[in-house]
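> build me a structure from this.
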Amino acid sequence: MKAEIRYHHTLLDVEFPDTSRIYLSSYDTPSASAKELALEAVRNPIGSESLVDSIKKRPHSNVVIAVSDITRPIPYRDFLPALLDEIASAGINRKSITILIATGMHRPSTAEERLFMFGKELAESYAIVDHDAQGEMAVLSGTSHSGAPVKLNSIFAKADYKIVIGLVEPHFMAGFSGGRKTICPGLSSLDTIKQFHGYEFLSQPNAFSSRLEKNPCHEEALSVAKLAGADFSLQLVVNHEKKIVRAFGGDLFESHAVACGYASQKACPTADAEADVVVTGCGGYPLDATFYQCVKALVNALPCVKNGGTMIAAGGCGEGVGSQTFETMLRKYQNDFSGFIRDIKKTSDVVKDQWQIQMQARVYEKIELNKIHFLTHGIPPGHSSFLGVNIVEAASGRVAETLQKTIDDLAGKGCSFAVIPEGPYCAPQSRGT
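Numbering: from 1, shown residues only. Next up, the predicted model:
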């Protein structure tokens, strides 16, 4: 049987034994254009009045629209112009609108990425600002679920009217992305997200994909979002072609809950059985631009593979490993992930990006490092000494060929296969979870 695995800007056509289990999302075909779906959602919202009616109650408002960064494949250019027209129809001048990119602890956006995300006209006509987790913050009254102080992006905190746009998909720590996550960690300071991304929270089993109940990351982000306040929300779900299939507008918490319910039904199939080998994509561009983001696919694939099994992942990594902080930590420990866990467990200090390595360490609880193979054209094989995977370097045009040979060799040994072509956008769940 054939599977199309998303890789960089392309699809890898790969053949698997007929007995293989292929896990795919089952999203509906879009019933309308992205523009029409978004407008329908904001005109007929969940738990609130329409966007226009809500804004009209606050004339002359300074409006901030919080959006995700390039790591979330939201097709803004397909619907955001129409949404901005809707806001303008409520009497808001474009000079009073700021688009705030909720980068969290990620790097700032580039000019090229803004053009890719928003289109030339929008990118040049509106104020677009990146969140800076070490920049000017507003201290909110109250504390988070964990008792942490809440320091938030001052532009968002001081806005007269706040709109939050999110992408709802399975998330390997917080259950699902979108909603409250746009605010925490998206618009929060490092101090605020220390618990959200700290050892204690991420050591709990419910800090995992598709789980919201008793998920400490979800509860922490939810508490920060409630303190921050949001006047309107637009939560989006996209399919494997990165097209919007459903849009949910209205109250931040109610719209996000409904969106999570839908995504859970469509993108979280039950893993029928554990296989000898699991093969996963890393979501394709933009998600697989760095190894940092590809870690999500490794963790996501765990329910599908046997203890002591083999994992094969493919990610473009056109931007390399990730942040310098992330790479430096990995180099320091030289694949000693148990030593890394031991060290972060001893201190309450949280270093940027340590959370990704802690989540990656979960993989080695089930699979030996020498059985994790990572196909890429973006990272040299020498990085195997610290990345926690065996780098299989392939020229960008020969990744499918290299992957096919690896699969054929294992199939010849009688191995069973589980395949997750979409990577972390489809999150198989172990039975009973």
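> how far does the helix or strand where I87 lies sit from the chain's center?
For I87, the element it lies in under DSSP states H and E is helix 76-88. Helix 76-88 has its C-alpha centroid displaced from the chain centroid by 23 Å (CA atoms, centre = their mean, to the nearest Å).
> how many residues are close by the closest residue to Y333 other than its chain neighbours?
Excluding its sequence neighbours, the residue lying closest to Y333 (CB to CB, 6 or more residues apart in numbering) is F340, at 4.7 Å. C-beta here means a position set from N, CA and C on the backbone, and glycine is covered the same way. Around F340 there are 21 other residues, counting by other CB atoms under 10 Å.
> what does the helix-or-strand element of the chain with minimal mean pLDDT contact?
In the chain, no helix or strand scores lower on mean pLDDT, DSSP states H and E than helix 190-193, which sits at a mean of 84. When contacts are defined by CB atoms under 8 Å, 6 or more residues apart in numbering, helix 190-193 is touched by residues 104-105, 133-134, 144, 148-152, 184-185, 224, 350, 352.
> what sits against the residue nearest to Y333?
Residues near F340 by CB under 8 Å, 6+ apart: 329, 333, 357-358, 361.
> which one (most neighbours) among the contacts of helix 190-193?
Result: V224 is most packed of the contacts of helix 190-193 (other CB under 10 Å), 30 neighbours.
> check the gap between the closest residue to it other than its chain neighbours and A133 for me.
Spatially, and ignoring its direct neighbours in sequence, V224 is nearest to C184 (3.7 Å; CB to CB, 6+ apart). Separation of C184 from A133 (CB to CB, to the nearest Å) stands at 11 Å.
> and what of S177?
18 Å.
> got the contact list for the lengthiest helix in the chain?
In the chain, taking DSSP state H as the definition, the longest helix is helix 252-267. With CB under 8 Å, 6+ apart as the test, helix 252-267 has contacts from 25-28, 45-48, 164, 166, 168-170, 175-176, 178-180, 210, 212, 222, 225-226, 230, 232-237, 246, 248-249, 425-427.
> and these, which of them are buried?
With burial judged by 16 or more other CB atoms under 10 Å, the buried subset of the contacts of helix 252-267 is 25, 27, 45-46, 48, 164, 166, 168-170, 175-176, 178-180, 210, 212, 222, 225-226, 230, 232-237, 246, 248-249, 425-427.
> so where's the stretch 201-350 of the chain uncertain?
Within the stretch 201-350 of the chain, no range satisfies pLDDT under 70.
> ok, which stretches of it are helices?
Applying DSSP state H, counting those that start in this stretch to the stretch 201-350 of the chain gives helices spanning 216-228, 252-267, 291-300, 324-333, 337-345.
> and the angle from the last one to helix 324-333?
Yep, that's helix 337-345 we're talking about. 120 degrees (axes from the mean of the first three to the mean of the last three CA atoms, to 10 degrees).
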